[in-house]
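> Below are the sequence and a predicted model; questions follow.
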Amino acid sequence: MLKMEMKALCANRLSNFSSLFRGTLCITRTRLTFPENLLGQAKLAFSSGNESFNTTVVPPTLLAAEKEEAKSVLSLFLKKQGLSKVAAAKTITKSDLFINHLVSRLHSVHKSRYLVGKELTTLEIRDTLIPYIESLLVEPGNSVVNLVENFPIIPVKDKPAASVSQHPSTPDSKKPKGQRAVSRMIEVGAVGDLQPHFLYLLELGMDLEQIKLATSRCPSFAYYCLEGRIKPLVEFLLDLGVAKSEIPKILVQRPHLCGHSISGKIIPIMLYLEDMGVDKKQWAKVILRSPCLLSHSRQKLQAVVNFLNEVGLSGDSIGKALTRFPKMVSCSVEDNLMPVNKFFYEKGFSVEEMKSMVSTFPSVYSYSLTESLVPKWEFFLTTGYSKLALVKFPQYFSYSLEQRIRPRFALVKELGVKIGLNRMLAVSFCDFEKVLEISRKNMLADELSSCPKSK
């Protein structure tokens, strides 16, 4: 029952897909042909080994793993052509020669990698084999099943095959990489089966636009192993305290996280940041504020830490700053952080005052000099407040100059009252009116008490 409801839900969502992707959802059974010259090359590869290099340099365990990857790629391709899961599985069991050919193709294309002992990643294998298999789609004419099962025997053709050079790719392969990746993510098989990735992301609460955005930002997202990459990351985030409803936001902002090893990349970065003072109890909030924090290199993190040391922060102060504003790690030290420091130093702020401001409000580094800091500073000079007011309340720079700062200063000036920056800007308008009323009453009371009493 649940499966039927899920299919109904998916069918309803799929009805709203844009026309850009409708073509990918109406898949027909395509028949393939091998060009004579390409098939001849394949036969030669198996008879003489000319296509591949000496496979003795590839460990047997790696060779077996590559064959499994090739089978996975071929299975995906067959399903895309309209075969059901069962039909695709049957074809795979009879495709040993074709699988060997695909592995040989890998060895040929990446010969230099193997010679220096570097293994290919799953994504690299797929990026090599999928376009190659698609290049065999020269023209309609023969069954995909016959092609794979009878390889390398030439299937019977309805008409002479054209050369690969005349038809280098399918229409789908001519799409931009991000668009092709989205098409693969949302494709439907002949029996209406959606990609497992797609179903899982829908279950998490992602909608089509979010999935498209994540995949366009990181085309590899469509090829990450669901069980080996995406699910483990989601479960890891849930264990850290991230709410399930927040997971889609993280995947949209930083889908690249799925490509990082949790034990080899993410956890070491977290431990390093905890050593710098990041509050381990706040990881859920920190990651929500800046998911890309976990994907930066150790060198990038160290550069920001060194900068904060120069500002005067150390120990827990650095950790608190990064906990409050983890996006600082994404800022360029030369292009973003240093110019902000230079600006305040030129305005007369001391190193100690800058240290105090950064400790209180590290987000000051997120604002544009020309569009935010400079105009707000120039207006501040007209208010009569001392520089110390900004040191105590640097959050002044986070508010809109035209929508909040200028109008509220105008009301304060009109009434002639004195209010601290935090009481003026950090409250809602209704509370601000109450502050004005109280300040006005206090000012009148002070004036009355200072007047000489009449005899």
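That came through fine. Numbering: from 1, shown residues only.
> Do you have the helices of the stretch 351-455 of the chain handy? List them.
Using DSSP state H, counting those that start in this stretch, the helices of the stretch 351-455 of the chain run over residues 351-360, 374-380, 387-392, 406-415, 421-425, 429-450.
> Mean pLDDT, distance to Pro59 and mean neighbour count added to those helices, as CSV?
Where C-beta positions appear, they are placed from N, C-alpha and C, glycine not excepted. Conversion of the helices of the stretch 351-455 of the chain to CSV gives the following (pLDDT from 0 to 100; distance: least, C-beta to C-beta, whole Å; neighbours: other C-beta atoms under 10 Å):
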stretch, mean pLDDT, distance to Pro59, mean neighbour count
helix 351-360, 94, 52, 18
helix 374-380, 96, 61, 15
helix 387-392, 94, 63, 16
helix 406-415, 92, 70, 15
helix 421-425, 92, 65, 19
helix 429-450, 82, 69, 12
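> and of the ones you listed, who's closest to Ser290?
Ser290 lies closest to helix 351-360 among the helices of the stretch 351-455 of the chain, at 16.9 Å (C-beta to C-beta).
> which strands and helices sit next to the closest one?
helix 298-311, helix 316-324, helix 338-346, helix 387-392 (3 or more C-beta pairs under 8 Å, 6 or more residues apart in numbering; DSSP states H and E).
> Show me the shaky parts of this structure.
1-57, 81-82, 115-116, 134-147, 149-194, 446-447, 449-455 (pLDDT under 70).
> Tell me who's in contact with the one residue sitting closest to the centre of the chain.
In the chain, the centroid-proximal residue (C-alpha atoms, centre = their mean) is Arg254; its distance is 2.1 Å. Residues in contact with Arg254, defined by C-beta atoms under 8 Å, 6 or more residues apart in numbering, are 291-292, 294-295.
> Can you show me the CA trace of the helix or strand that contains Val73 as CSV?
Per DSSP states H and E, Val73 falls inside helix 60-80. C-alpha atoms of helix 60-80 as CSV (Å, rounded to 0.1, in the frame of the first residue of the first chain):
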residue,chain,number,x,y,z
PRO,A,60,42.8,-9.0,-9.2
THR,A,61,40.7,-7.4,-6.5
LEU,A,62,40.7,-4.1,-8.3
LEU,A,63,39.8,-5.7,-11.6
ALA,A,64,36.9,-7.5,-10.0
ALA,A,65,35.7,-4.2,-8.5
GLU,A,66,35.9,-2.5,-11.9
LYS,A,67,33.8,-5.2,-13.5
GLU,A,68,31.2,-4.7,-10.9
GLU,A,69,31.2,-0.9,-11.5
ALA,A,70,31.0,-1.6,-15.3
LYS,A,71,28.0,-3.9,-14.6
SER,A,72,26.4,-1.1,-12.6
VAL,A,73,26.9,1.4,-15.4
LEU,A,74,25.5,-1.0,-18.0
SER,A,75,22.5,-1.8,-15.8
LEU,A,76,21.7,1.9,-15.5
PHE,A,77,22.1,2.3,-19.2
LEU,A,78,19.8,-0.6,-20.0
LYS,A,79,17.1,0.7,-17.6
LYS,A,80,17.3,4.1,-19.3
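> For it, list every residue counted as buried.
Across helix 60-80, burial judged by 16 or more other C-beta atoms under 10 Å covers 66, 69-80.
> Then stretch 263-279?
265-266, 269-270, 273, 276-279.
> Put together CSV for those residues, with distance to Ile99 and secondary structure on each row.
Listed next are the buried residues of stretch 263-279 as CSV, based on distance: C-beta to C-beta, whole Å; DSSP: H, G, I helix; E, B strand; the rest coil:
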residue, distance to Ile99, secondary structure
Lys265, 31, helix
Ile266, 34, helix
Ile269, 38, helix
Met270, 40, helix
Leu273, 44, helix
Met276, 48, coil
Gly277, 52, coil
Val278, 47, coil
Asp279, 51, coil
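> between the residues you listed, which is closest to Gly315?
Gly277 (6.1 Å).
> residue contacts, the closest residue to that closest one other than its chain neighbours?
Leaving out its chain neighbours, the residue that sits closest to Gly277 by C-beta to C-beta, 6 or more residues apart in numbering is Gly319, at 1.8 Å. If you count contacts by C-beta under 8 Å, 6+ apart, Gly319 has them with 273-274, 276-279.
> what does Leu204 give?
234, 244, 247-248, 251.
> how about a cut-off of 10 Å?
Residues near Leu204 by C-beta atoms under 10 Å, 6 or more residues apart in numbering: 210-211, 230, 234, 244-245, 247-248, 251.
> Val311 and Ser359 touch, don't they?
Yes: assessed by C-beta atoms under 10 Å, Val311 is found in contact with Ser359 at 9.1 Å.
> okay, and the common contacts of these two?
With C-beta under 10 Å, 6+ apart as the test, Val311 and Ser359 both reach 317-318, 321.
> Most neighbours among these, which one?
Ala321 (26 neighbours; other C-beta atoms under 10 Å).
> That residue contacts Met328, correct?
Yes: using C-beta under 10 Å, Ala321 makes contact with Met328 at a distance of 7.0 Å.
> any residues in contact with both of the two?
With C-beta under 10 Å, 6+ apart as the test, Ala321 and Met328 both reach 304, 308, 358, 362-363, 365.
> can I get the helices of the stretch 351-455 of the chain in TSV with distance to Ser84?
Formatted as TSV, the helices of the stretch 351-455 of the chain follow (distance: least, C-beta to C-beta, whole Å):
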stretch	distance to Ser84
helix 351-360	60
helix 374-380	63
helix 387-392	67
helix 406-415	65
helix 421-425	63
helix 429-450	62
